[in-house]
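Novice: Sequence first, then the predicted structure:
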Amino acid sequence: MFPIDLESLTISLPEVRVALIVLVNVFFVVLMIKKKCPTLVALPVMGILTALIASVGSLPMAGLFDMTTGVDEAGQDIIQSGILNGVIMEGAKMMASAVVAAIFGAAFARLLMKSGVVESLIQKAAELAGDRPLVIALVFFFATVIIFSAIGGLGAVILVGTIALPIMVSVGLGEVLSGTIVLLGLSCGGLINPANFATFAAILSPAMGDDYNAAFNEISQMSIVLFLIVLVISVIYIIFCSRKLVFTKTWAKAQGEQGPNKNVPWYLLITPVIPVLIVVISTFMKMTVPAEVAIMLGILYLLFASRMPGKINQLTSSFIEGTQDVAGAIVLLIGLGILIKGFQFFSVSMIITPFIQLLVSYLQNPLTYVIGFTIATPLVLYRGPLNTFGIGGALPTIFASAGFSPLAIIWALRATGNMQGFGDPTNSQNIWIANFLKIDPNEITKKTFLLGIIITFVILCYAAFILQIDLVA
């Protein structure tokens, strides 16, 4: 019998390792789709297993611990971080800025709801719209955009939805279109929400030499363009869907009445857009104002301008309650950081780069870039591989290692991500709205599917042909 080196035949083959990495990640994506494994658990496990598969049999101690990889010019050992430090510990800290922004944003949301600003905006929108379906649809859309440009979370969705949805249904907009309008406003407003800037900046910064400020400025400028494109397309879509509707009383409007208007003064109603304006203005002035600072300035304005009793206690309770609101999101961000660091781990980069280079070679043309990612848009649904809060979060680094521009990947993720924002039936906001309206979440997905494709195509055309972003790293 001939001696067979099993390790050389299996474990050390890059193709086998890559195949195992793909299978493991697909397995966990399927588990997330079927709700067999929560995303909070799946993401860090995927990152750790990816690094382990690339390391077992090729690195000492399976790459778990720090190791010496050579000697520098000064004769000092070059220490390479292992999986425990380089993936788990560094990954847990990677999204720290996004976590802080999420906490500040959640506290701001709580204060806005306690002060009556959110409820007042929706009620004033209802008064302004009257009983004309198209006007009501557009007014509630813009009101939702303003609200979610500053806040987020399921609590805010419930507050807005319980007031706005019954009113829209009562004038004949229908359950599916009414839910779609709120989700479009939520998704569009989220594009310029400073708390979301921090997440994308944290994902982009490793591919930009860990320059967080430069990444944040890129994301801020990009967000303004994305917002305007999505806003215009959404308005056209709402007008198209509402153009033939007439007023028909189908749902008791009383269901949308959540108590008397708190008579919030006009100067408080502008509070939600203050952090957005601060970030946008600072971007044009070539300055960097972190998202958490902009949000804190909004909080301070609200505290000084409002007449809330016990402001200090309100602020304290808002931070505590807000942190509880985003506890799941914080764990998700930590898991996302571990997933990204897992794909960044040096043994992973060594084996996947040649395969990614093959894919990249087909996408480094503006036309194929636009067509390829437009066709791939549905991959953001059901926690798919283009979902930013999944494998998609690791794509900028993966593609950058193969010579593809990480900024171009961010454009693609944010373009395709709109479909995820308003059309993914696994989103908590989609599920709540669908349950409230007594419809299937997939009905909203079907109604917005083509819209998501169009938005992706227009954004990518702008990036590739008008802005002419570099597709080469």
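Specialist: Alright, I've got the coordinates.

Novice: Would you point out which residue is most central in the chain?
Specialist: In the chain, the C-alpha nearest the mean C-alpha coordinate belongs to Thr388, at 6.0 Å (C-alpha atoms, centre = their mean).

Novice: Just give me the longest helix of this structure.
Specialist: Assignment by DSSP state H gives helix 212-242 as the longest helix of the chain.

Novice: This protein: strands as residue ranges?
Specialist: With DSSP state E, the ranges of strands along the chain come out as 67-71, 77-80.

Novice: pretty sure Asn217 contacts Thr288?
Specialist: Yes: between Asn217 and Thr288 there is a contact under C-beta atoms under 8 Å: 6.0 Å. (C-beta placed from N, C-alpha, C; glycine too.)

Novice: Between the two, point out the one with more neighbours.
Specialist: Asn217 (19 against 16; other C-beta atoms under 10 Å).

Novice: I'd say Thr199 and Val99 touch.
Specialist: No: here Thr199 lies out of contact with Val99, judged by C-beta under 8 Å, at a distance of 9.3 Å.

Novice: Overlap in contacts, those two.
Specialist: Leu333 (C-beta atoms under 8 Å, 6 or more residues apart in numbering).

Novice: Val117 contacts Ile270, correct?
Specialist: No: if you go by C-beta under 8 Å, Val117 and Ile270 don't touch, sitting 9.3 Å apart.

Novice: Name the residue in these two with the higher neighbour count.
Specialist: With neighbours defined as other C-beta under 10 Å, Val117 and Ile270 compare such that Val117 has more, 24 against 14.

Novice: Tell me which residues touch the more buried one, please.
Specialist: Contacts for Val117 were tallied using C-beta under 8 Å, 6+ apart; they are Val264, Leu268, Leu269, Thr271, Pro272, Leu302.

Novice: try it again with 10 Å
Specialist: Listed by C-beta atoms under 10 Å, 6 or more residues apart in numbering, the contact partners of Val117 are 111, 147, 150-151, 262, 264-265, 268-272, 302, 306.

Novice: Show me which of these are buried.
Specialist: Taking 16 or more other C-beta atoms under 10 Å as the criterion, what is buried in these is Leu111, Ile147, Ala150, Ile151, Val264, Leu268, Leu269, Thr271, Pro272, Leu302, Ser306.

Novice: How is this structure divided into domains?
Specialist: The record's domain split for the chain, according to automatic domain parsing, is 6-67+78-91, 92-466.

Novice: In CSV: the ones you listed, plus mean pLDDT and distance to Val472.
Specialist: Written out in CSV, the entries for those read as follows (pLDDT from 0 to 100; distance: least, C-beta to C-beta, whole Å):
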stretch, mean pLDDT, distance to Val472
domain 6-67+78-91, 80, 23
domain 92-466, 83, 6
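
Novice: quick one, which of those is packed in tightest?
Specialist: Of the domains of the chain, the one with the most neighbours on average (mean count of other C-beta atoms under 10 Å) is domain 92-466, at a mean of 20.

Novice: what's the span of that domain, first residue to last?
Specialist: Criterion C-alpha to C-alpha, to the nearest Å; first-to-last residue distance in domain 92-466 is 38 Å.

Novice: that older thread, please enumerate the shared neighbours of Asn217 and Thr288.
Specialist: In contact with both Asn217 and Thr288: Ala201, Val279, Ser282, using C-beta under 10 Å, 6+ apart.

Novice: ok, these vs Asn365, which is closest?
Specialist: Nearest to Asn365 out of the shared contacts of Asn217 and Thr288 is Ala201 (C-beta to C-beta; 27.8 Å).

Novice: Tell me if I'm right that the closest one and Met208 touch.
Specialist: Yes: between Ala201 and Met208 there is a contact at 9.4 Å, judged by C-beta atoms under 10 Å.

Novice: Find residues that contact each of those two.
Specialist: Both Ala201 and Met208 are in contact with Ala214, Ala215, Glu218, where contact means C-beta under 10 Å, 6+ apart.

Novice: related to what we said a few turns ago, ok, the contacts of Val117 vs Lys341, which is closest?
Specialist: Nearest to Lys341 among the contacts of Val117: Ile151, at 29.7 Å, using C-beta to C-beta.

Novice: That closest one contacts Ala195, doesn't it?
Specialist: Yes: here Ile151 lies in contact with Ala195, judged by C-beta under 10 Å, at a distance of 8.6 Å.

Novice: Need the residues touching each of the two.
Specialist: Taking C-beta under 10 Å, 6+ apart as the contact rule, the neighbours common to Ile151 and Ala195 are Gly105, Ala106, Phe108, Ala109, Pro275, Ile295.

Novice: so who does the second one touch?
Specialist: Contacts here follow C-beta under 10 Å, 6+ apart; on that basis Ala106 touches 151-153, 155-156, 195, 295, 318-319, 321-327, 329-330.

Novice: How much space separates it from Gly328?
Specialist: With distances defined as C-beta to C-beta, to the nearest Å, the gap from Ala106 to Gly328 amounts to 11 Å.

Novice: overlap in contacts of the two?
Specialist: In contact with both Ala106 and Gly328: Gly153, using C-beta under 10 Å, 6+ apart.

Novice: ok, Ser318 - contacts?
Specialist: With contact set as C-beta under 10 Å, 6+ apart, Ser318 has these partners: 106-115, 299, 302-303, 325.

Novice: Now for the closest residue in space to it that isn't next to it in sequence: which residues touch it?
Specialist: The spatial neighbour of Ser318 that comes closest, neighbours along the chain excluded (C-beta to C-beta, 6 or more residues apart in numbering), is Arg110 at 3.8 Å. For Arg110, the residues meeting the contact criterion (C-beta under 10 Å, 6+ apart) are 151, 153, 155-156, 299, 314-315, 317-325.

Novice: doesn't Asn418 make contact with Ile455?
Specialist: Yes: the criterion here is C-beta under 10 Å, and Ile455 meets it with Asn418 at 4.8 Å.
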